[in-house]
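Student: Model the following, please.
(2 chains)
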Amino acid sequence: MSRLSVENVSFTYGEKPILKNVSLAVEQGELVAILGHNGSGKTTLLRCISGYLTPTAGMVRIGGQAVSSLSARKLAQRMALVPQNPVMEFDFTVRDIVLMGRNPHLKRFAGETDADFAAADAALARTGMTALSDRSVLTLSGGEWQRTIIARAICQKSDVMLLDEPVASLDVKHQIEILRLVRSLCRENGISALCVMHDVNLSAHYSDQILLLKGGETLACGSPCNVVTAPLLQEAYGIEAEVREVQGHPFMIPRYD
Amino acid sequence: MPGASAKKARAARALLSVLLLLALSVFALLAAVAWGSTGFKVGEVLEYLVSGTSNAEVILFKIRLPRALLSYLVGGGLAVAGCCLQGVFKNPMADSHILGVSAGAGFGAAACIALGIGGASFGIAALGLGSVAVCALLGGILAVMLVTQFARVGSRTSVSALLLSGVAVSSLFTALTSGIMILHRESMEQVVFWTLGSFSAASFEKVRFAALCILPCSALCMLFARPLNIMLLGEEDARMLGVDTARTTRVLIILTTLLAAGCVSVSGIVGFVGLMLPHILRLMTGPDHRLLLPCSFLGGGVFLCLADMLARSLFPPLEIPVGVLSALFGVPFFLYLLRRQGKGGRT
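Tutor: Okay, here's the model as predicted:
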């Protein structure tokens, strides 16, 4: 039984089909990237998996249980989300935000215990945010804020982590930093991560499996070697690209002119 | 700072803020009883409160004490309701009236005053409320019910739909109130004064009703402090942190409506407190609702109690509507804090 399984999920918004019959299995410790053109249904798929949207047909299971049957609290104990553009306009400290990851584990009206603070400290250390723990989140850079949100997801101690374009707005140094961190969470802590991505090369380098969507349908699904190929990229994005092997992984160079 | 000491520092800051506001509360209530057109010494006030013996001025305590308590409770209730709604809507402009409570209550009061709907028999004697207060209470609750009903799309209620629906329903009730006033000019002045807010008709019956409504509702709101913090991150995010956002929003709308309608029914419409006090206190306590909500209650109480004291004693025997006074004093203070915050303070 897979850690997370997406079974023939379709989603229709009004009359318009957004997702058609998408299936995916994510194992323990696996990092899966979801790729596709803008509007191909990547984020909708992620929202169907997180239970924010209810699939029109099909089912999503986590550890064998239907996501739709779990309460928000029970689901959050097993699944964490790193949203695309997290916003916080009030001046909580970095630690306050990370501690919010403990919420699904706390009794309804209880306060955080020393163990919860220790879990937050560990998550802050893991993301290299210890020195900034007591800073207001309003003063953080984009990369620091993203690491805070990932620290919160780590602090949640769920075994599935969904990330919606976690590196889209970061410079290349921070992109590498964040993806190394996510990969190490998968390899060392056995977390299953599902990343919506735009960057084909970063996906090919860091992920174990790529799901390539086109117009809401699965175009290809498998190892980066099998998915990042010139014909499939042509099909998915409508671009001409040359694919080489760089650092042991496929690397695409699009034709610009 | 490691987690353990951060936890201690947080607790210490919370304790300090609450103790400071409790001390201010005692001061404000004593001052409001002691200060007025007839002077008393603080010792006399304390002696009365402790022994309850009657000297010649006891009657003033019977007037001033319920008035002080009522303004304190209403200030606290409005501040807690405003604070909760600012959190639910993630909108700094939200306050207890945003869902139409005040417009609905104003309509209820106008209908009662001008048209004599209900009459004396409508006054629920057990609650000690007059028929105007009961009509205002029902009007406020009715308005919010309409607002939430119109904002519902399928099984979901979106926050922006609630805000728009609140504005629309408020406009409708305000128009109806204006219509009633034009058709019944003889009661126009009474309606206008009611909508400006006043504690001049305070009584122990009203204090008892206010306490029964405001204290439990405020306490229940405070139980939702942690989910409220998390909901500041947005609905989708909050759900994935284990918060049932739909249910929390629903419960908080019910609680804040009861709070605001309860407040308005005993005092008329008092502006400013619900909107500004949470902001002022947030600058002091930070955004964590676990501290901010209790402090809003205490701070709102202190503020309105002192504002009412000034309202009745600045130009005796003329009484300035407390809502006017609270805005006159509160807004410049708030703007000062806002400016200071912009210049290198907390941002």
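
Student: Show me where the chain has its strands.
Tutor: No chain specified, so I'll use chain A. A:4-13, A:16-26, A:31-36, A:57-62, A:65-66, A:79-82, A:160-164, A:192-196, A:209-214, A:217-222, A:241-246, A:249-254 (DSSP state E).

Student: let's do chain B instead
Tutor: Ranges of strands in chain B, per DSSP E, are B:152-153, B:156-157.

Student: Lowest mean pLDDT across those strands, which one is that?
Tutor: Among the strands of chain B, strand B:156-157 has the lowest mean pLDDT, at a mean of 64.

Student: Pull the contacting residues for the nearest residue to A:D96 once chain neighbours are set aside.
Tutor: Leaving out its chain neighbours, the residue that sits closest to A:D96 by CB to CB, 6 or more residues apart in numbering or on different chains is B:D288, at 6.7 Å. Every residue, glycine included, has its C-beta placed from N, CA and C. Applying CB atoms under 8 Å, 6 or more residues apart in numbering or on different chains, we find B:D288 in contact with A:F92, A:D96, B:A225, B:N229.

Student: ok, A:Y256 to A:H174 distance?
Tutor: 25 Å (CB to CB, to the nearest Å).

Student: Sorry, slip of the keys, the one I care about is B:T248.
Tutor: 34 Å.

Student: What about residue 114, how many residues nearby?
Tutor: No chain was given, so I picked chain A. Counted with other CB atoms under 10 Å in any protein chain shown, residues neighbouring A:D114 total 10.

Student: wrong one, I was asking about chain B
Tutor: So B:A114, with other CB under 10 Å, has 20 neighbours.

Student: do A:L45 as well
Tutor: 28.

Student: That one: what's it in contact with?
Tutor: With CB under 8 Å, 6+ apart, A:L45 has these contacts: A:V6, A:V9, A:F11, A:L19, A:V22, A:I34, A:V196, A:L213.

Student: Ok, A:I62 next?
Tutor: If you count contacts by CB under 8 Å, 6+ apart, then A:I62 has A:R3, A:L4, A:L70, A:L75, A:R78, A:M79, A:V160 around it.

Student: about what we covered before: could you dump the strands of chain A into TSV with distance to B:D244 and mean pLDDT added?
Tutor: Listed next are the strands of chain A as TSV, based on distance: least, CB to CB, whole Å; pLDDT from 0 to 100:
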stretch	distance to B:D244	mean pLDDT
strand A:4-13	22	92
strand A:16-26	25	92
strand A:31-36	27	94
strand A:57-62	18	93
strand A:65-66	18	92
strand A:79-82	15	94
strand A:160-164	19	94
strand A:192-196	23	95
strand A:209-214	30	94
strand A:217-222	32	92
strand A:241-246	45	90
strand A:249-254	42	92
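
Student: now for these, which one comes closest to B:A4?
Tutor: Closest approach to B:A4 among these (CB to CB): strand A:79-82, 24.5 Å.

Student: nearest to B:I141, of the contacts of B:D288?
Tutor: Nearest member of the contacts of B:D288 to B:I141, counting by CB to CB, is B:A225, at 24.4 Å.

Student: Next, name the residue at the spatial heart of the chain.
Tutor: Went with chain A since none was named. The residue lying closest to the centre of chain A (CA atoms, centre = their mean) is A:L163, at 1.9 Å.

Student: wait, chain B
Tutor: With distances taken as CA atoms, centre = their mean, B:L78 lies nearest the centre of chain B, 1.4 Å away.

Student: correct me, but that one touches B:V273?
Tutor: Yes: using CB atoms under 8 Å, B:L78 is in contact with B:V273, at 4.4 Å.

Student: Now do the shared contacts for these two.
Tutor: With CB under 8 Å, 6+ apart as the test, B:L78 and B:V273 both reach B:G300, B:L304.

Student: How much space separates the residue nearest to the centre of chain B from B:F204?
Tutor: From B:L78 to B:F204 the distance is 21 Å (CB to CB).

Student: cool, A:T139 as well?
Tutor: Separation of A:T139 from B:F204 (CB to CB) stands at 50 Å.

Student: Also B:A238?
Tutor: 42 Å.

Student: So for these two, which residue has more residues nearby?
Tutor: The neighbour count for B:A238 versus B:F204, taken as other CB under 10 Å, is higher for B:A238 (23 against 13).

Student: OK, contacts around the more buried one?
Tutor: Here B:A238 is in contact with B:P227, B:I230, B:M231, B:T245 (CB under 8 Å, 6+ apart).

Student: Would you mind checking which of the residues you listed is nearest to chain A?
Tutor: B:I230 (5.3 Å; CB to the nearest CB).
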